[in-house]
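K.L.:
need coordinates for the below:
(2 chains)
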Amino acid sequence: MRSHIPHVRILGRILPALMLPALALALALTAPAAFAQSADQKGADAGKAPAAEGGKSDEAFFKSLIDPRQAIWMDSRGTIAGTGDPNGFVGEAYKVGHGQHPEALELSQLPVDQYGLVDWARSIREGYITPRHTLDPAKQDKPDTKPFGLALLIPTKSESMPNVIFPHDIHTMWLTCNNCHPEIFAMNGKLNNKVMTMPKIASGEYCGRCHNRIAFPLSDCLRCHVLDKDAAVPEGVKSPF
Amino acid sequence: MKNRPVAVLLVLALLGAGALVLVDRDTSRAEYGDITLNRHAEKAGMPPVVFPHWFHRIRFKCKVCHPAIFEMRAGANDITMKKIVNKQFCGRCHNGTISWPPLYCDRCHAGKSDITIPKARGFVK
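P.N.:
Predicted structure coming up:
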């Protein structure tokens, strides 16, 4: 998974890609006239090697090689499946990106949470990614419906755990109403908070339908349990329970 | 010409490192949130499918595929190649229009029988 020493991991991924510029450099050094043209044909690769020698840190140089849109366009074996950008081209990342699937995710440089898993909420809020909202070509250029802002206070059954504030906001950036309603969460006061317990959630009901599986894990307690038991309910947060 | 041995050494070192990385490539692995699909695959003599959730999530919101194309429950979707070829399930996009067609078996059938999807860390079931 995501290494705590990304520099070293990225180095490992990038070495093969460095082979081309290194080769071009070596050829240029040994037989300047005959191979000058071939070095030129290596394009941006060869062009970037001297930039790194010119004082840039190694890390900055490695980062400059990677276009995340291209680096992540590969299947689960790490075989290139495309560039990921219909208007783009197969650039350095095509060579750099010959990594395995998790390393490809690493190269995408998305923000991560305390476990090193992708922080999808930050990714979409801060514009690291702009996922499409429909497959319908006629609607693709139109903006998505605005997120539904209602925040709900869900009191915990435990004395020690802070209360939960459920944000519809981030959930509706990804999902639409009928993903969760009414099958997973009954609406209009029909949801019984007393039976919505952590053991049930951990066994895959309620929030556990997505969290701990696709969405961030349940062990990240304080990401949901945000409001102290004795704290005042913030403005705009409704208390249906 | 005094740079020549250095350059040759550099190239050799990089070739060696590259070979190591290539050897390492044959292992299929998965990421948190990935789905293995194996209801039919191994019975039909194919390796299990590893669906990279993260990869699709970068490009599409959840609601694009759920629940219209895939119901959001393990075991709720009976996915076969016949249906995919008929533009159901994965074939809604993987038909050569929105994405590449289902012609490259090993892009999806990349798992092994014993493949494990990384679980949420720090949480004991």
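K.L.:
got the end-to-end distance for stretch A:218-233?
P.N.:
Using Cα to Cα, to the nearest Å, the end-to-end distance of stretch A:218-233 comes to 23 Å.
K.L.:
likewise for stretch B:48-62?
P.N.:
In stretch B:48-62, first residue to last residue: 23 Å (Cα to Cα).
K.L.:
pLDDT (mean, whole number) over it?
P.N.:
For stretch B:48-62, mean pLDDT rounds to 89.
K.L.:
pLDDT value on residue A:148, please?
P.N.:
94.
K.L.:
now it, what's its secondary structure?
P.N.:
When classified by DSSP: H, G, I helix; E, B strand; the rest coil, residue A:148 comes out as coil.
K.L.:
and it, how many neighbours?
P.N.:
Here the number of neighbours of residue A:148 (other Cβ atoms under 10 Å in any protein chain shown) works out to 14. For the C-beta atoms, the positions are set from N, CA and C on the backbone; glycine is no exception.
K.L.:
for residue A:183, same thing?
P.N.:
Residues near residue A:183, counting by other Cβ under 10 Å: 13.
K.L.:
give me the low-pLDDT residue ranges for chain B?
P.N.:
Filtered on pLDDT under 70, chain B yields the residue ranges B:1-2, B:14-29, B:118-125.
K.L.:
ranges for the helices of it?
P.N.:
Under the criterion DSSP state H, chain B contains helices at B:4-24, B:53-59, B:62-65, B:81-85, B:105-108.
K.L.:
how near is the residue of chain A found nearest chain B to residue B:7?
P.N.:
Closest contact between chain A and chain B, by Cβ to the nearest Cβ, is at residue A:217 (2.9 Å). Look at residue A:217 and residue B:7: by Cβ to Cβ, to the nearest Å, they are 48 Å apart.
K.L.:
for residue B:79, same thing?
P.N.:
Residue B:79 sits 53 Å away from residue B:7 when distances are taken as Cβ to Cβ.
K.L.:
what of residue B:87?
P.N.:
Distance, residue B:87 to residue B:7, using Cβ to Cβ: 54 Å.
K.L.:
higher neighbour count, these two?
P.N.:
Applying other Cβ under 10 Å to residue B:87 and residue B:7 shows that residue B:7 carries more neighbours, namely 17 against 14.
K.L.:
for residue B:72, which non-adjacent residue is closest in space?
P.N.:
Among residues not flanking residue B:72 along the chain, residue B:66 sits closest, at 4.8 Å (Cβ to Cβ, 6 or more residues apart in numbering or on different chains).
K.L.:
neighbours around the one you found, how many?
P.N.:
Residue B:66 has 20 nearby residues by other Cβ under 10 Å.
K.L.:
so it touches residue A:179, yeah?
P.N.:
Yes - the pair residue B:66 and residue A:179 qualifies as a contact (Cβ atoms under 8 Å) at a distance of 5.6 Å.
K.L.:
okay, and the common contacts of those two?
P.N.:
residue B:72 (Cβ atoms under 8 Å, 6 or more residues apart in numbering or on different chains).
K.L.:
returning to that earlier point: ok, the residue nearest to residue B:72 to residue A:175 distance?
P.N.:
7 Å.
K.L.:
quick one, strands of chain A?
P.N.:
Along chain A, counting by DSSP state E, strands occupy A:151-154, A:163-167, A:225-227, A:237-238.
K.L.:
tabulate these in a markdown table, adding columns for mean pLDDT and distance to chain B.
P.N.:
Shown next, in a markdown table, are those (pLDDT from 0 to 100; distance: least, Cβ to the nearest Cβ, whole Å):
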| stretch | mean pLDDT | distance to chain B |
| --- | --- | --- |
| strand A:151-154 | 96 | 20 |
| strand A:163-167 | 96 | 15 |
| strand A:225-227 | 96 | 14 |
| strand A:237-238 | 95 | 23 |
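K.L.:
got a list of what residue B:90 touches?
P.N.:
Contacts of residue B:90 by Cβ under 8 Å, 6+ apart are B:79, B:84, B:102, B:108.
K.L.:
what about the last one, how many residues close to it?
P.N.:
A total of 24 residues lie near residue B:108 under the criterion other Cβ under 10 Å.
K.L.:
then the second one?
P.N.:
If you count neighbours by other Cβ under 10 Å, residue B:84 ends up with 18.
K.L.:
show me chain A divided up by domain.
P.N.:
Annotated domains of chain A cover A:6-107, A:151-238 [automatic domain parsing].
K.L.:
least confident of those domains, on average?
P.N.:
Among the domains of chain A, domain A:6-107 scores lowest, at a mean of 47.
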